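In: after the sequence you'll find the predicted model.
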Amino acid sequence: MKALIALILLVQLPIHKAVPAAPLAPLGCDDPESEAAAEFAVNYINGHSHHGYKFALNSIENIRVISQGLNNDIIFLELDLLETTCHVLSPTPLANCTVRSFAQHAVEGDCDIKLQKLDGKFSVLASKCHSHADSSEDVRQVCPECPLLASLNNTEVLTAVATALNDHNSKTADPYLILLEIGRANIQYEPAHIVSVEFAVAATNCSAEDAKVSVEACQLLPDDQSNFGFCTATMVTRPSQDLRVGCQLYGHQVPTPDAGVIYSHPGHDTSAGLSPSVIQGFTTHNLRLSHNNPFASESSSSEFPTSALSAKSVAKRAVADVAQHDKVPHPVGFVPPPPPCPGKIRHFKI
């Protein structure tokens, strides 16, 4: 009898259903977690770029996080970057690199990055980047007299680089330098004819005196002694002639273990054919970075979801959110919160 009464009372007890945990709010583009992921991604991009200049973060265009389990997230990022004045070989920390201004003919980079955050540590699963220079029209609006970027294999550019490098090698007691690549160039036609160039160099096992005897014998230093550098030069040909050259060697840098070898072959002859074939006809080095981690799991190595990385869809969602906000009555003076993406612009928008 007692057992029957206990069973009746148990049936009559109210049943408390488990309340499911509220889903995590989506990350905004300016949230600290998003900025930490973007900082890691930008450092990865610069560490794996083999040509041109380092890029700095301009804005986080979009972010999407997909949970794969406890302390395991897949993060899709769309980043807007801007070129700095630091060559990729430069040991200068990115924080100390200056972003080129509009007047200097800025270069923008667009990157889609797929990260994994496992137990608080980031790793890159996939990346895809490209870059392009600002339009000539935009530069002219800001600075009508500023020279535009010249083709890297322009005859005047090649002549200026060869002249500058020969001039430096003839006046220094440092190791004989050879050209690695031309980074940037512009030509001013009025009121004076001025060719300005920037180029990366490498030290060889020769002195300048040795090179006079047999330049063909000069080779890049071995990897454990490699010494890269960077030169800038300005050559005036009219109304008078003038040449100013400045070169800096960075000293031996220990390479990033997974970044690969940046330059493994001797540089180009400084008297002819300076420009590598990959840059013929171009004014900048395209930030061509494409990477897929072959060791990523199948569930986390899928392609970038277009819905997650579409700037147009982000803009449409932002407009829709604002429009929806306007339909809800708010007290006088209420300021709606900004849309979560795209994020703030750190420098300027091209």
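Out: Yep, that arrived. Being a predicted model, the structure only gives us computed values, none of them experimental. Numbers count the residues shown, from 1 in each chain.

In: quick one: residue 234 from residue 119, how far?
Out: Look at residue 234 and residue 119: by CB to CB, to the nearest Å, they are 52 Å apart. No exception for glycine: its C-beta is placed from N, CA and C like everyone else's.

In: excluding sequence neighbours, find me the nearest residue to residue 156.
Out: Spatial nearest neighbour of residue 156, excluding adjacent residues (CB to CB, 6 or more residues apart in numbering): residue 195 at 5.2 Å.

In: which of the three states applies to the one you found?
Out: Following DSSP: H, G, I helix; E, B strand; the rest coil, residue 195 is assigned to strand.

In: neighbour-wise, which of residue 234 and residue 119 wins?
Out: With neighbours defined as other CB atoms under 10 Å, residue 234 and residue 119 compare such that residue 234 has more, 16 against 7.

In: quick check: the gap between that one and residue 247.
Out: 13 Å.

In: cool, and residue 223?
Out: According to CB to CB, residue 223 and residue 247 sit 22 Å apart.

In: tell me which of the two has more neighbours.
Out: Taking other CB under 10 Å, residue 223 and residue 247 do not tie; residue 247 has more neighbours (19 against 11).

In: any idea how far residue 84 is from the more buried one?
Out: Per CB to CB, residue 247 is found 19 Å from residue 84.

In: tell me the phi and psi of the spatially most central residue of the chain?
Out: The residue lying closest to the centre of the chain (CA atoms, centre = their mean) is residue 55, at 3.4 Å. Dihedral pair for residue 55: phi -110, psi 150, per degrees, to the nearest 10.

In: wait, it sits on residue 287?
Out: Yes: counting by CB atoms under 8 Å, residue 55 touches residue 287, with 6.6 Å between them.

In: shared neighbours of these two, which are they?
Out: Listed as contacting both residue 55 and residue 287 by CB atoms under 8 Å, 6 or more residues apart in numbering are 45, 49, 81, 109, 131.

In: pLDDT score for the third one?
Out: Residue 81 is assigned a predicted lDDT (pLDDT) of 98.

In: confirm that it sits in a strand.
Out: Yes: under three-state DSSP, residue 81 falls within a strand.
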